[in-house]
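Peer 1: Got a predicted structure plus its sequence, pasted below:
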Amino acid sequence: QREIMNKMYRNNIDGLCGNDDCGQMSAWYILSSMGFYPVCPGTDQYVLGAPYLPYIKVALENGKTFEVKADKVSDKNRYVKSVKLNGKPYTKGFITQQDIMDGGTLTFEMTSSPNKKRVFNGTDKPYSLSSN
(Lines give C-alpha, C1' and ligand atoms only; values in the text may rest on other atoms or scores of the structure.)
Protein backbone atom coordinates (compact mmCIF):
# COMPACT_ATOMS: atom_id res chain seq x y z
CA GLN A 1 0.00 0.00 0.00
CA ARG A 2 2.81 2.43 0.84
CA GLU A 3 4.37 1.99 -2.62
CA ILE A 4 1.03 2.70 -4.28
CA MET A 5 0.61 5.85 -2.18
CA ASN A 6 4.13 7.04 -3.02
CA LYS A 7 3.87 6.40 -6.77
CA MET A 8 0.22 6.70 -7.77
CA TYR A 9 -1.01 9.66 -5.68
CA ARG A 10 0.78 12.97 -6.27
CA ASN A 11 -0.06 16.62 -5.73
CA ASN A 12 -0.24 17.73 -9.36
CA ILE A 13 -2.64 17.84 -12.32
CA ASP A 14 -2.24 14.13 -13.10
CA GLY A 15 -1.66 13.09 -9.49
CA LEU A 16 -4.49 10.55 -9.50
CA CYS A 17 -4.31 8.07 -12.33
CA GLY A 18 -7.44 6.70 -13.94
CA ASN A 19 -11.06 7.25 -12.95
CA ASP A 20 -11.78 8.08 -9.31
CA ASP A 21 -14.88 5.84 -9.40
CA CYS A 22 -17.14 8.32 -7.58
CA GLY A 23 -14.52 9.05 -4.93
CA GLN A 24 -13.63 5.46 -4.05
CA MET A 25 -9.92 5.83 -4.89
CA SER A 26 -9.75 9.00 -2.81
CA ALA A 27 -11.58 7.28 0.05
CA TRP A 28 -9.13 4.36 -0.13
CA TYR A 29 -6.23 6.80 0.12
CA ILE A 30 -7.63 8.70 3.11
CA LEU A 31 -8.65 5.61 5.09
CA SER A 32 -5.47 3.69 4.24
CA SER A 33 -3.42 6.73 5.31
CA MET A 34 -5.14 6.39 8.68
CA GLY A 35 -4.16 2.72 8.94
CA PHE A 36 -7.49 1.01 8.34
CA TYR A 37 -9.98 0.24 5.57
CA PRO A 38 -13.48 -1.34 5.27
CA VAL A 39 -12.38 -4.50 3.44
CA CYS A 40 -15.80 -6.13 3.86
CA PRO A 41 -18.43 -3.54 2.83
CA GLY A 42 -21.72 -3.75 4.67
CA THR A 43 -20.10 -4.60 8.01
CA ASP A 44 -19.06 -2.28 10.82
CA GLN A 45 -15.40 -3.35 10.66
CA TYR A 46 -12.32 -1.57 9.37
CA VAL A 47 -9.35 -3.93 8.93
CA LEU A 48 -6.15 -2.57 10.43
CA GLY A 49 -3.18 -1.98 8.16
CA ALA A 50 -0.20 0.32 8.53
CA PRO A 51 -0.77 4.08 8.64
CA TYR A 52 0.96 6.37 6.16
CA LEU A 53 0.83 9.57 8.18
CA PRO A 54 2.15 10.25 11.70
CA TYR A 55 -0.99 12.02 12.97
CA ILE A 56 -4.57 12.46 11.86
CA LYS A 57 -7.43 14.02 13.82
CA VAL A 58 -11.02 13.55 12.68
CA ALA A 59 -13.78 15.79 14.02
CA LEU A 60 -16.90 13.62 14.27
CA GLU A 61 -20.43 14.91 13.78
CA ASN A 62 -21.31 13.85 17.35
CA GLY A 63 -18.82 16.42 18.69
CA LYS A 64 -16.13 13.87 19.58
CA THR A 65 -12.76 13.43 17.92
CA PHE A 66 -10.92 10.33 16.74
CA GLU A 67 -7.14 10.53 16.49
CA VAL A 68 -4.66 8.21 14.83
CA LYS A 69 -1.03 8.42 15.93
CA ALA A 70 1.99 6.70 14.40
CA ASP A 71 4.87 8.85 15.62
CA LYS A 72 7.73 6.96 14.00
CA VAL A 73 6.06 6.00 10.71
CA SER A 74 8.29 6.43 7.66
CA ASP A 75 9.31 4.61 4.51
CA LYS A 76 11.72 2.66 6.75
CA ASN A 77 9.37 2.20 9.73
CA ARG A 78 6.44 0.84 7.75
CA TYR A 79 5.53 -2.18 9.88
CA VAL A 80 3.16 -2.25 12.85
CA LYS A 81 4.76 -3.54 16.02
CA SER A 82 1.74 -3.02 18.26
CA VAL A 83 -1.53 -1.12 18.52
CA LYS A 84 -3.26 0.65 21.39
CA LEU A 85 -6.81 1.94 21.53
CA ASN A 86 -7.27 4.70 24.10
CA GLY A 87 -3.96 3.80 25.74
CA LYS A 88 -4.76 0.09 26.18
CA PRO A 89 -3.09 -2.74 24.21
CA TYR A 90 -5.33 -3.71 21.28
CA THR A 91 -5.09 -7.24 19.87
CA LYS A 92 -7.84 -7.24 17.26
CA GLY A 93 -7.14 -7.00 13.54
CA PHE A 94 -9.92 -4.43 13.10
CA ILE A 95 -11.73 -1.52 14.68
CA THR A 96 -15.46 -0.92 14.43
CA GLN A 97 -17.52 2.06 13.38
CA GLN A 98 -18.58 2.36 17.02
CA ASP A 99 -14.92 2.51 18.14
CA ILE A 100 -14.48 5.51 15.85
CA MET A 101 -17.75 7.21 16.85
CA ASP A 102 -16.93 6.80 20.55
CA GLY A 103 -13.92 9.03 19.92
CA GLY A 104 -10.47 8.45 21.31
CA THR A 105 -7.01 7.60 20.06
CA LEU A 106 -5.71 4.71 17.98
CA THR A 107 -1.93 4.51 18.41
CA PHE A 108 0.35 2.48 16.18
CA GLU A 109 3.88 1.62 17.30
CA MET A 110 5.88 1.36 14.09
CA THR A 111 9.09 -0.56 13.38
CA SER A 112 11.44 -1.32 10.50
CA SER A 113 10.78 -5.07 10.45
CA PRO A 114 7.58 -7.14 10.43
CA ASN A 115 6.27 -8.34 13.80
CA LYS A 116 5.67 -12.01 13.03
CA LYS A 117 4.33 -12.59 16.56
CA ARG A 118 1.39 -10.27 15.89
CA VAL A 119 -1.23 -12.90 15.02
CA PHE A 120 -5.01 -12.61 15.11
CA ASN A 121 -6.99 -15.54 16.51
CA GLY A 122 -10.67 -16.26 17.05
CA THR A 123 -12.78 -13.15 17.52
CA ASP A 124 -9.73 -10.92 17.02
CA LYS A 125 -9.91 -11.72 13.29
CA PRO A 126 -11.93 -9.43 11.05
CA TYR A 127 -14.90 -10.83 9.09
CA SER A 128 -12.83 -10.67 5.92
CA LEU A 129 -10.33 -13.26 7.18
CA SER A 130 -11.21 -16.91 7.41
CA SER A 131 -9.51 -19.86 9.04
CA ASN A 132 -10.78 -22.18 6.28
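Peer 2: In hand now; what should we look at?
Peer 1: for the lengthiest helix in the chain, which positions count as buried?
Peer 2: Longest helix of the chain, by residue count under DSSP state H: helix 24-34. Applying a neighbour-count criterion of 16 or more other Cβ atoms under 10 Å, the buried positions in helix 24-34 are 28-29, 32-34. In this view, the C-beta of every residue, glycine as well, is placed from N, C-alpha and C.
Peer 1: so can I have CSV of these showing pLDDT and distance to T43?
Peer 2: As requested, the buried residues of helix 24-34 are exported to CSV (pLDDT from 0 to 100; distance: Cβ to Cβ, whole Å):
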residue, pLDDT, distance to T43
W28, 78, 17
Y29, 80, 21
S32, 88, 17
S33, 91, 21
M34, 95, 18
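Peer 1: need the strands for this structure, in chain order.
Peer 2: Secondary structure of the chain (DSSP state E): strands located at 36-37, 45-48, 55-59, 65-69, 79-85, 88-89, 94-96, 104-111.
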